[in-house]
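> what's the 3D shape of this:
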Amino acid sequence: MIKTSEGYKPDRKSFSNLLHNMDLLRAEGMPSWDLMELDELLDSSNMTVAEWNKIGKLIADAYDKYDGFVVLHGTDTMAYTASALSFMLEHNSKPVIITGSQIPLYEIRSDGRDNIITSLLIAASDMVYEVCIYFGNKLLRGNRTIKYSSEGLIAFVSPNYPVLAEAGISISYNKAYLKEKDTEEFSYVPFDKIPIGVIKVFPGIQFELFEPILTEKLKGIVIETFGAGNIPGYSGALLPIIKKAFENGTIVTVCSQCPQGSVSLGEYETSMALKNAGAVSGYDITTEAAVAKLYYLFSKGYTADKIKYLMEKNLCGEMKG
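Numbering: from 1, shown residues only. Got it, this is the predicted structure:
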């Protein structure tokens, strides 16, 4: 990003020049690296499934040529991209480290310099075999991460999974929680443009307002509920809507609004109704990962029953199990 009269905007030429003029990136002890740029640099708020596919394909096409990959990305949707790549890079056994900065790289106090340098070192370490986010001296599992702060330099947290590594004087790896190298053959699964929605429950919500969007065209929906999967029962409007969605083949996945903890459908009366209506539990999955997982499973061409089954199963470290 560079500062313009219209606010911060991405600028391809400036960014490339900044990277190539960072002497530390060519210093002794740094791994050799190549820069690959997409045709258009975007503010990450403008990311779509198409951009996920472009990044995934770029990595897949170069998979055998490199020991690891560092993806430079805006922070706003970084957790979504990390989750998407963790699914679409099927049986990945190489480090894919996503990083960026809260302060643009061209600014004097940018946190991006250390984030990029350390991400490159981690990508070349032969310690990590999964998609991760490195930010603010911490390495986090990509599909377990959420953006926590819009202004703090510790911008990301992993509420339900331990930190994978911390960078101090040295980089200390939490080996017990790192994924083992996948021995199955790597493949790239591009995502189809699937209609998926997210609804956040709030006190006084009028569920009937959402009924018009719950047609057979909507393939998946993530409902962010209270606590362990609870919904208000005062109107009785949600359950018929969910049943209708279920009959239309829509996969309804329940996540919690609480960053830490897990959904447990049926533990309370107010969540048992969701379970009886055909919703599936996301357990401790993040909303970002639940959305990406729905894209992935539908893109695999699975039946609705198989997708429902797999939404409750841990596929690549995105949930407990």
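> Buried residues, stretch 188-200. List them.
Applying a neighbour-count criterion of 16 or more other Cβ atoms under 10 Å, the buried positions in stretch 188-200 are 189, 191, 194, 196-197, 199. No exception for glycine: its C-beta is placed from N, CA and C like everyone else's.
> These in strands, which ones?
Of these, the ones assigned to strands by DSSP state E are 196-197, 199.
> want to throw the residues you listed into CSV with pLDDT and distance to L41?
Shown next, in CSV, are these (pLDDT from 0 to 100; distance: Cβ to Cβ, whole Å):
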residue, pLDDT, distance to L41
I196, 95, 26
G197, 92, 28
I199, 90, 32
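> Chain neighbours aside, what residue packs nearest to Y8?
With Cβ to Cβ, 6 or more residues apart in numbering as the criterion, Y8 has its nearest non-adjacent residue at 4.1 Å, and that residue is M1.
> what's the closest of the ones in strands among the buried residues of stretch 188-200 to E224?
E224 has its nearest neighbour among these in I199, at 7.0 Å by Cβ to Cβ.
> The closest one touches L218, doesn't it?
No: in this structure I199 lies outside contact range of L218 using Cβ atoms under 8 Å: 10.9 Å.
> What does the pLDDT read for the residue nearest to Y8?
Predicted confidence (pLDDT) for M1: 74.
> mind listing the helices for the chain?
When secondary structure is read from DSSP state H, the chain shows helices at 12-20, 49-61, 78-88, 112-123, 238-247, 269-276, 287-299, 304-311.
> Of those, flag the one that's most buried.
helix 78-88 (a mean of 27; mean count of other Cβ atoms under 10 Å).
> now it against helix 49-61, angle please.
Using axes from the mean of the first three to the mean of the last three Cα atoms, to 10 degrees, the direction of helix 78-88 lies 50 degrees away from that of helix 49-61.
> And helix 78-88, what does it pack against?
Using 3 or more Cβ pairs under 8 Å, 6 or more residues apart in numbering; DSSP states H and E as the contact test, the elements touching helix 78-88 are helix 49-61, strand 96-99, strand 131-135, strand 146-147, helix 287-299.
> of these, which approaches A123 most closely?
Among these, if distance is taken as Cβ to Cβ, the winner is strand 96-99, at 5.0 Å.
> Please name the strands paired to that closest one in the sheet, noting orientation.
Using DSSP bridges, strand 96-99 pairs in its sheet with strand 69-72 (parallel), strand 131-135 (parallel).
> For E247, see how far away T215 is.
From T215 over to E247 the distance is 11 Å, taken as Cβ to Cβ, to the nearest Å.
> now do E37
Going from E37 to E247 by Cβ to Cβ gives 46 Å.
> Could you report the neighbour count for P212?
Residue neighbour count, defined by other Cβ atoms under 10 Å, stands at 7 for P212.
> I171 pairs with what?
Here I171 shows beta-bridge partners A167, assigned using DSSP bridges.
> Would you confirm that it contacts S125?
Yes: when contacts are counted by Cβ under 8 Å, I171 is listed as touching S125 (7.3 Å).
> List the residues that contact F246.
Counting by Cβ atoms under 8 Å, 6 or more residues apart in numbering, F246 makes contact with 252, 277-279.
> Going by neighbour count, which of these comes out on top?
Within those, most neighbours by other Cβ under 10 Å means A279, with 29 neighbours.
> so that residue makes contact with L265?
Yes: in this structure, A279 sits in contact with L265. The criterion is Cβ under 8 Å, and the distance is 6.9 Å.
> Now do the shared contacts for those two.
Here A279 and L265 have V254 as joint contacts, going by Cβ under 8 Å, 6+ apart.
> list the contacts for the residue lying closest to K313 once chain neighbours are set aside?
Once flanking residues are discounted, K313 sits nearest to G321: 6.3 Å by Cβ to Cβ, 6+ apart. Remark: with contacts taken as Cβ under 8 Å, 6+ apart, G321 is in contact with 283, 313-314.
> Return the member of these nearest to K181.
Using Cβ to Cβ, N314 comes nearest to K181 of the contacts of G321, at 17.6 Å.
> Now render the helices of the chain as TSV, adding distance to E180 and mean pLDDT.
Converted to TSV, the helices of the chain look like this (distance: least, Cβ to Cβ, whole Å; pLDDT from 0 to 100):
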stretch	distance to E180	mean pLDDT
helix 12-20	32	81
helix 49-61	20	97
helix 78-88	15	98
helix 112-123	17	97
helix 238-247	37	78
helix 269-276	33	75
helix 287-299	20	98
helix 304-311	21	95
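> can you tell me which of those comes nearest to E6?
Closest of those to E6 is helix 12-20, at 15.2 Å (criterion: Cβ to Cβ).
> From the chain's centre, how far out is the closest one? Work that out for me.
Helix 12-20 has its average C-alpha position 26 Å from the chain's average C-alpha position, going by Cα atoms, centre = their mean, to the nearest Å.
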